[in-house]
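**Student:** What shape does this take:
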Amino acid sequence: MWFMISVLNHLPQLNGNNTFLMQKKIFLFLTFLIFLVFSGAAQDKLKELRSHVIEKRDGKEYYIHTVNRGQSLYMISKAYGVDVTDIINENPEVKEGIRFEQKLRIPVMATHEPVKKQPKVTAEEPAVVTPSPPPAEENLPCREISPKKKVVYNVALMMPLYLNEVDQMDIDEISKSGNLDCNPFQFIEFYEGFRMALDSLKKSGIYVRINVYDVLKDTAKIKKILKDPELKKMDMIIGLLYNNPFHMVEDFAQKNNIPLINPLSEREQIIEGNPTVIKVRPPIISQTFQLVQYLSESFADANILIIHNGQYSNKDAADNLLKECQLKKLDARITQGFESILSVFSKEKENVVIAFSENKSYVLDLITKLNELRNENKITLIGLPRWDKLDDIEVDYLVNLKTHMIAPFFVDYEDSGVKKFVAKFQEQYKTDPDPLAFQGFDVAYYFLTGLTRYGKSFARCLPDLRMKSLQTDFEFSATKGNGYVNQHWEIYRYENFFLKSANHK
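**Tutor:** The predicted model follows:
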């Protein structure tokens, strides 16, 4: 990697907070290139942990293991081929944790299976045939699966790194302009969040070897990567991929039965006909179901007014929302604009106004008019799509109208887990995490937890795997013959000039 050395040798001496941030970003990226592959302890290393001291007590043989620095109970159990519970039973004090130089008794396990007694055979009664084996892991209910944990899990991370552009970067110009918006920095924070998740998993005894591939749009390079024999050994592939490369990797994953995670694509077609594909970003159609579920839980007795006036690209959105509201027995109706709202406003009930619009002028006008009515009426406004991304909207008005919005991801910075992540990220990388950092952490932690919990049945058990993440929940479903897609949308609201999660109770 000669280009890395070249850039490092030309890093300027920078002063000040902004220039330090630039220098840090550049340094982190170059460090990332150096550590493209990293992992936990390998199988051969674990075998080296075994003690050669064996003692016999009460007729049983034990290894006498001396705990070294950095060793975990799970690591020791794998080194000797015993369960953690076997070690705890022989050494009850380790329930409080193991200590450096502590002596542990590890039972010596038999190296052969005991001889089974053969059934008696008579002339009248033939020998019993060997009983059927237990159900295969892939046929068990998810709650009954206890796969044998691997010492190290192998994961391929494919993302556009633009390594060929690194030696062309003008570090002096980047430092002066403050512009970090260049290709090689595009996905660096996804990797940083991803790596933090691996650190967290390692503490619980899950070790992962990451194989990172620089994947752009060059199909010739993709073909070369897919010929790498190591790729067939992967337990999972996570791909931030362009369209053509994705389809090539998708075919490879299906042929080799490797789960392929796509964190960013909005295209719903990527799961069609391939059960190994898992799409993280939810489809637009599920937004309606999520919203109606929220309305039925939080505004069951409200007067729901859906504005339909042609200011939204999806012409059927309002009608579909009304149908779902009616199925939930909600008091909902469609109105054709602001003027028609006035005639159906309720003085007793909460008036939930839902407006689909991508037109900035229309949104500004609607918010202004509704704000004038808020003293005489109870109003909650739900804006679709995300109106907080539009410029020039008065935040005071959004707060006054208790405005709600919906997005695939949302970070609640008042959440305790988010606060811990931000603090650790700042400590480790000397900068604030952007949305990609949160997503990198969530994707790594969720899917690798699923892999270790369900083994080969990982994909089909995703609907059973629920956990609180930093920026979204995961609710996966699939139709026959297709891959899995997340159905969860985040709903958030303005509260005292802060954005708060609305669908997390």
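
**Student:** Pull the CA coordinates from stretch 470-487 and hand them back as CSV.
**Tutor:** The C-alpha trace of stretch 470-487 is given here as CSV (Å, rounded to 0.1, in the frame of the first residue of the first chain):
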residue,chain,number,x,y,z
LEU,A,470,-29.5,2.9,18.9
GLN,A,471,-31.5,4.4,16.0
THR,A,472,-34.2,1.9,15.0
ASP,A,473,-35.9,-1.3,15.9
PHE,A,474,-35.8,-4.3,13.5
GLU,A,475,-39.0,-6.1,12.6
PHE,A,476,-38.3,-8.6,9.8
SER,A,477,-40.7,-10.5,7.6
ALA,A,478,-40.6,-12.4,4.3
THR,A,479,-42.8,-13.8,1.7
LYS,A,480,-42.3,-17.3,0.3
GLY,A,481,-39.2,-17.5,-2.0
ASN,A,482,-38.1,-14.0,-1.2
GLY,A,483,-35.6,-12.4,1.2
TYR,A,484,-36.4,-10.6,4.5
VAL,A,485,-37.2,-7.0,4.8
ASN,A,486,-37.4,-4.7,7.9
GLN,A,487,-40.9,-3.3,8.4
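
**Student:** buried ones in that stretch?
**Tutor:** Under the neighbour-count criterion of 16 or more other C-beta atoms under 10 Å, stretch 470-487 has 470-476, 478, 482-487 buried. Just so you know, the C-beta spots here come from the backbone N, C-alpha and C atoms, and that holds for glycine as well.

**Student:** Likewise for stretch 395-407?
**Tutor:** For stretch 395-407, burial by neighbour count (16+ other C-beta under 10 Å) applies to 397-407.

**Student:** Now the two most distant members of the buried residues of stretch 470-487.
**Tutor:** Pairwise distances across the buried residues of stretch 470-487 (C-beta to C-beta) peak at 27.9 Å, for the pair L470 and N482.

**Student:** Quick check: N183 vs Y162, distance?
**Tutor:** From N183 over to Y162 the distance is 4 Å, taken as C-beta to C-beta, to the nearest Å.

**Student:** What are the buried residues along the lengthiest helix in the chain?
**Tutor:** In the chain, assigned by DSSP state H, the helix with the most residues is helix 435-454. For helix 435-454, a neighbour-count test (16+ other C-beta under 10 Å) marks 436-454 as buried.

**Student:** Who are the packing partners of it?
**Tutor:** Helix 435-454 sits against strand 153-159, helix 188-203, strand 236-239, helix 416-429, with contacts defined as 3 or more C-beta pairs under 8 Å, 6 or more residues apart in numbering; DSSP states H and E.

**Student:** State the paired neighbours of the first one in the sheet, together with their directions.
**Tutor:** Using DSSP bridges, the neighbouring strands of strand 153-159 in the sheet come out as strand 208-214 (parallel), strand 236-239 (parallel).

**Student:** which of those strands sits most buried?
**Tutor:** Most buried of the strands paired with strand 153-159, by mean neighbour count (mean count of other C-beta atoms under 10 Å): strand 236-239, with a mean of 24.

**Student:** mind checking the SS state of the closest residue to L295 other than its chain neighbours?
**Tutor:** Residue nearest to L295 in three dimensions, not counting chain neighbours: L330, with 6.0 Å by C-beta to C-beta, 6 or more residues apart in numbering. Of the three states, L330 takes coil under DSSP: H, G, I helix; E, B strand; the rest coil.

**Student:** what's L330 in contact with, if anything?
**Tutor:** Neighbouring residues of L330 by C-beta atoms under 8 Å, 6 or more residues apart in numbering: 292, 295-296, 299-300, 302, 304.

**Student:** The same query, at a cut-off of 7 Å, please.
**Tutor:** 295-296, 300, 304 (C-beta atoms under 7 Å, 6 or more residues apart in numbering).

**Student:** could you measure L462 against V277, distance?
**Tutor:** Distance, L462 to V277, by C-beta to C-beta: 12 Å.

**Student:** oh, I was asking about K223
**Tutor:** 20 Å.

**Student:** Over to Q254?
**Tutor:** 8 Å.

**Student:** same check, this time on K360
**Tutor:** 36 Å.

**Student:** Equivalent analysis for R209, please.
**Tutor:** 23 Å.

**Student:** R267 now?
**Tutor:** To V277, R267 is 11 Å away according to C-beta to C-beta.

**Student:** Neighbour count: the two, which is higher?
**Tutor:** Legend: neighbour count by other C-beta atoms under 10 Å for R267 and V277, higher for V277 (26 against 13).

**Student:** And that one, what's its pLDDT?
**Tutor:** According to the prediction, V277 has pLDDT 95.

**Student:** got a list of what it touches?
**Tutor:** If you count contacts by C-beta under 7 Å, 6+ apart, then V277 has 250, 260, 262, 270-271, 483 around it.

**Student:** So what sits opposite it in the bridge?
**Tutor:** Beta bridges link V277 to L260 when assigned by DSSP bridges.

**Student:** how far away is it from Y484?
**Tutor:** Computed with C-beta to C-beta, the distance linking V277 and Y484 is 8 Å.

**Student:** got it, and K402?
**Tutor:** Taken as C-beta to C-beta, the span from K402 to Y484 is 35 Å.

**Student:** next one: V249
**Tutor:** Note on V249: its distance to Y484, by C-beta to C-beta, is 17 Å.

**Student:** Also A478?
**Tutor:** Here A478 is placed at a distance of 4 Å from Y484 (C-beta to C-beta).
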